[in-house]
Structure formats: structure tokens, C-alpha cells
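S.K.: Take this sequence and fold it.
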Amino acid sequence: MKKVVSFVAIALLVFTVGCAKQPPMTKEFGLANLYIKTIDTLLNEDPALNSDIKFVAIEMDTLKGINEADKQKIEEY
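M.R.: As a prediction, this is how the structure comes out:
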């Protein structure tokens, strides 16, 4: 019986955590900032490889879920 009660309690906990409201998307957590942070992470992965680069080419049409304002923000960065 303890196993059943424990299982139900854990299942309810997982369900309530999974269904919790997500915070609204703000400037600080927008997709453009996520892509910018990813670019920074990749470029800083090996500074010796990336020290002399002047340009980075990004195919904007393949980025998912961003609008024109986000694309502009990434381009400006």
C-alpha cells in the first residue's frame, strides 16, 4: 500500500510541475538572445580557431521560431 501511495504522490508531483505555467517571453529570454548566446558559446569554444575571424555567416531562413525583429537583432550583434 505504501508503494501505491508513494507512486501516486510522485505522479501528481510530476504532473503538476509539468503543467506549470511558463514565464512570458521577455527581451531577456527571447529566442534572439538564445541564438546570440549559442553563437557566443560556439565562438568561444576554441579561441585559437576563431581569433582572426571577421565575419560569421548565418542562414537566417533556417532559424526556427524567430521573427524579423529577432533576425535584425542577431544581424546587429
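S.K.: Could you measure from Ile39 over to Ile10?
M.R.: Between Ile39 and Ile10 the distance, using CB to CB, to the nearest Å, works out to 39 Å. Heads up, the C-betas are built off the backbone N, CA and C, glycines and all.
S.K.: Same question for Met1.
M.R.: Where Ile10 is concerned, Met1 sits at a distance of 15 Å (CB to CB).
S.K.: between the two, which one's more packed in?
M.R.: Counted by other CB atoms under 10 Å, Met1 and Ile10 do not tie: Ile10 has more neighbours, with 10 against 5.
S.K.: Tell me the confidence at that one?
M.R.: For Ile10, the model assigns a pLDDT of 87.
S.K.: Report the secondary structure element holding it.
M.R.: Assigned by DSSP states H and E, Ile10 belongs to helix 2-18.
S.K.: then that helix to CSV, C-alphas only?
M.R.: Extracted as CSV, the C-alpha positions of helix 2-18 are listed here (Å, rounded to 0.1, in the frame of the first residue of the first chain):
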residue,chain,number,x,y,z
LYS,A,2,2.9,2.4,0.8
LYS,A,3,4.2,1.8,-2.7
VAL,A,4,0.9,2.8,-4.3
VAL,A,5,0.6,5.9,-2.2
SER,A,6,4.2,6.9,-3.0
PHE,A,7,3.7,6.3,-6.7
VAL,A,8,0.5,8.4,-6.8
ALA,A,9,2.2,11.2,-4.8
ILE,A,10,5.2,11.2,-7.2
ALA,A,11,2.9,11.0,-10.3
LEU,A,12,0.9,14.0,-9.0
LEU,A,13,4.0,16.0,-8.3
VAL,A,14,5.5,15.3,-11.7
PHE,A,15,2.1,16.2,-13.4
THR,A,16,1.8,19.5,-11.5
VAL,A,17,5.4,20.5,-12.2
GLY,A,18,5.0,19.6,-15.9
